[in-house]
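Asker: Got a sequence here, can you build the structure:
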Amino acid sequence: MKLYIRENYLKKIRGFYHADDIIKVITGVRRCGKSSLMQTIADELKASGVPKENILFIDLDLRGNRGVRTAEQLETLILEKEPADGLKYLFVDEIQNVAGFEEVINGLRTDGGWSIFITGSNSYLLSGELVTKLTGRYLEFEMFPLSFEEYEDMKRFYGMSIDSNPLLELNAYITEGGFPRALFFDTLADKRRYVQGVIDEIFEKDIRRRVKIRSRETFETVRRFVINNFGATMSLRNITDELNHSGVAVTLQTVSRYVKVLLDAKILYECPRFDLKSRRSLRGDRKYYLSDLSFFFAENTDNRITYGPVLENIVYVYARTHDYSVSVGRIGKLECDFILRDPNMSYSYVQVAYTIAASRETENREYGSLEAIRDNYPKYVVTTDYLLQNRSGIAHVNLIDFMSRGRLF
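Answerer: The predicted model follows:
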């Protein structure tokens, strides 16, 4: 089957295709599309004239490669297939399956003549030995599941129908999620079974093998609590107190460790808070967003959508896919949903709501936080409204149009 081209990620990597001194590390939550992205890169290299024998693609999850578990076995496999001449391109998928892989990869990089691309399970790939040995010699390219723009574009690519009502299409994206494989299942129930399988796979392959979980039941209780409260301001102490109050005996240290596990597995992302008056980061309270909304709906039978945190989550992930740094802003007693900083160090402020058309009170609440910010960086109110009204120099933006066009603030 022809692969869907995820151009947003490819354009970040293309400038490094032929760099044999920099290892390209592709990270992201399991099943977000890392393997397909590497295959697309290999296809582009072939199309550009690179001989196919100079491209070595090793998927360590394939049955034939599951016996490759040591650095020596990996090196032998690579050298057995090494072409004689020209720059060689090495792709290794799920490289964390090999103990001590860092020595092999670093050796190939040091020798030169190899342009290396690797993927692995999330933050564990960039911990310990790899960071120590390759400081300044690798680049991380982080992937997410499909954005709304990609979700619609991929459906068009494979000839799937798109609802003519943009709000219904957005609802479908919210409830189905953005895992590429899930797109090919016909029913919502099947899509959610698939996502539940992804959750189980993450636990078995990315968590249990690397972290000692004394009580899976307690871990899953913490996981469900944080996932069910995504987008809410909370602290580790709040989480601990709430769980103990509900009858789950758990310590602050355990909650802290389990939340860190979820962050490392890239199920969750932590959004820090920033005080706009003191210009300082705030400790303690923060918000957590999901790498994909399907994690929430797969674990909840209630299909009702609370649009506030859901739309915030969409904007948060979309900004992260475009390499924006994201934080929550506090201005006295008011809060700005997001402070965005782009790679050029330019800032913008964003408020997110389903609608501001319902009442003047809602409009004042969303605009009020931005009006309280006394600098001249751009400010936006993002809603699903199609009747837009600007106020105090603050732009009112339709979320669906914005996401579909792939245009950033």
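
Asker: Quick one: residues contacting T251.
Answerer: By C-beta atoms under 8 Å, 6 or more residues apart in numbering, the contact list for T251 reads T240. For glycine as for every other residue, the C-beta is placed from the backbone atoms N, C-alpha and C.

Asker: For it, what are phi and psi?
Answerer: Note on T251: its backbone torsions stand at phi -90, psi 160 [degrees, to the nearest 10].

Asker: Equivalent analysis for F117, please.
Answerer: Per-residue torsions, F117: phi -130, psi 130 (degrees, to the nearest 10).

Asker: so who does it touch?
Answerer: If a contact means C-beta under 8 Å, 6+ apart, then F117 has 23-24, 26, 38, 41, 89-92 as its contacts.

Asker: May I have the beta-bridge partners of F274?
Answerer: S281, G329 (DSSP bridges).

Asker: Now that it has come up, it's in contact with I331, right?
Answerer: No: applying C-beta atoms under 8 Å as the test, F274 and I331 come out as separate, 10.0 Å apart.

Asker: thinking again about what came up before, in a markdown table, list the contacts of F117 along with neighbour count.
Answerer: Formatted as a markdown table, those follow (neighbours: other C-beta atoms under 10 Å):
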| residue | neighbour count |
| --- | --- |
| I23 | 23 |
| K24 | 21 |
| I26 | 25 |
| M38 | 21 |
| I41 | 23 |
| Y89 | 23 |
| L90 | 23 |
| F91 | 23 |
| V92 | 26 |
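
Asker: among these, which are in strands?
Answerer: Mapping the contacts of F117 onto strands (DSSP state E) picks out 23-24, 26, 89-92.

Asker: And the furthest pair within those residues?
Answerer: I26 and Y89 (14.1 Å; C-beta to C-beta).

Asker: From the contacts of F117, pick the one nearest R224.
Answerer: When those are compared against R224 (criterion: C-beta to C-beta), the nearest one is I26, at 29.0 Å.

Asker: thinking again about what came up before, relative to F141, which of the ones in strands among the contacts of F117 is nearest.
Answerer: For the ones in strands among the contacts of F117, the residue nearest F141 by C-beta to C-beta is I26; the value is 5.1 Å.

Asker: I'd like the distance between the closest one and I199.
Answerer: The spacing between I26 and I199, counted by C-beta to C-beta, to the nearest Å, is 21 Å.

Asker: One more: S147?
Answerer: S147 is 21 Å from I199, by C-beta to C-beta.

Asker: Surely I55 and I41 touch.
Answerer: No: the pair I55 / I41 is not scored as a contact, 9.5 Å apart, by C-beta under 8 Å.

Asker: right, and the secondary structure at P83 would be what?
Answerer: With DSSP: H, G, I helix; E, B strand; the rest coil as the basis, P83 sits in coil.

Asker: can you check R286 too?
Answerer: Recorded secondary structure, R286: strand (three-state DSSP).

Asker: for G107, same thing?
Answerer: Secondary structure, three-state DSSP: G107 is helix.

Asker: Can you tell me the closest non-neighbouring residue to it?
Answerer: Nearest residue to G107, sequence neighbours excluded (C-beta to C-beta, 6 or more residues apart in numbering): E75, at 7.7 Å.

Asker: Domain parsing of the protein, as residue ranges.
Answerer: According to automatic domain parsing, the chain comprises the domains 7-143, 148-272+283-303.

Asker: worst average pLDDT in the ones you listed?
Answerer: Of all the domains of the chain, mean pLDDT reaches its minimum on domain 7-143 (a mean of 89).

Asker: Between the two ends of that one, what distance do you get?
Answerer: Domain 7-143 has an end-to-end distance of 12 Å (C-alpha to C-alpha, to the nearest Å).

Asker: and it, how far from the chain's centre?
Answerer: Remark: domain 7-143 is offset 20 Å from the chain centroid, using C-alpha atoms, centre = their mean, to the nearest Å.

Asker: Kindly report the same for stretch 307-323.
Answerer: On the basis of C-alpha atoms, centre = their mean, stretch 307-323 is displaced by 10 Å from the centre of the chain it belongs to.

Asker: What residues does the residue positioned nearest the centre of the chain make contact with?
Answerer: Residue closest to the mean C-alpha point of the chain, counted by C-alpha atoms, centre = their mean, is F144 at 3.4 Å. Residues near F144 by C-beta under 8 Å, 6+ apart: 28-29, 32, 178, 291-292, 317, 320-321.

Asker: List just the nearest of those to T355.
Answerer: Within those, proximity to T355 (C-beta to C-beta) peaks at V317, which comes in at 21.2 Å.

Asker: ok, for the closest one, nearest residue in space, not its chain neighbours?
Answerer: F144 (5.5 Å).

Asker: do the same with L311
Answerer: Nearest non-adjacent residue to L311, counting by C-beta to C-beta, 6+ apart: V352, 5.0 Å away.

Asker: Just the helices from the stretch 1-150 of the chain, written as ranges.
Answerer: Per DSSP state H, counting those that start in this stretch, the stretch 1-150 of the chain carries helices over the ranges 7-13, 34-47, 71-80, 101-111, 129-134, 148-157.

Asker: quick one, the longest one and strand 88-93 angle?
Answerer: Spelled out, it's helix 34-47. Put simply, helix 34-47 runs at 160 degrees to strand 88-93, going by axes from the mean of the first three to the mean of the last three C-alpha atoms, to 10 degrees.

Asker: Touching helix 34-47 from outside, list them.
Answerer: Helix 34-47 is touched from outside by 3-6, 9-10, 13-14, 17, 26-28, 52, 55, 57, 59, 89, 91, 93, 117, 119, 143, 180, with contacts defined as C-beta under 8 Å, 6+ apart.

Asker: One more pass at 6 Å, please.
Answerer: If you take C-beta atoms under 6 Å, 6 or more residues apart in numbering as the criterion, helix 34-47 is touched by 3, 6, 9, 26, 28, 52, 55, 57, 89, 91, 93, 117, 119, 143.

Asker: Next: the third one.
Answerer: Among residues not part of helix 71-80, those counted as contacts by C-beta under 6 Å, 6+ apart are 68, 98, 100, 103-104.

Asker: Swap in 8 Å and give it another go.
Answerer: Contacts for helix 71-80 (C-beta under 8 Å, 6+ apart): 56, 58, 65, 67-68, 90, 92, 98-101, 103-104, 107-108.

Asker: where's R283, which helix or strand?
Answerer: Secondary structure from DSSP states H and E places R283 in strand 280-290.
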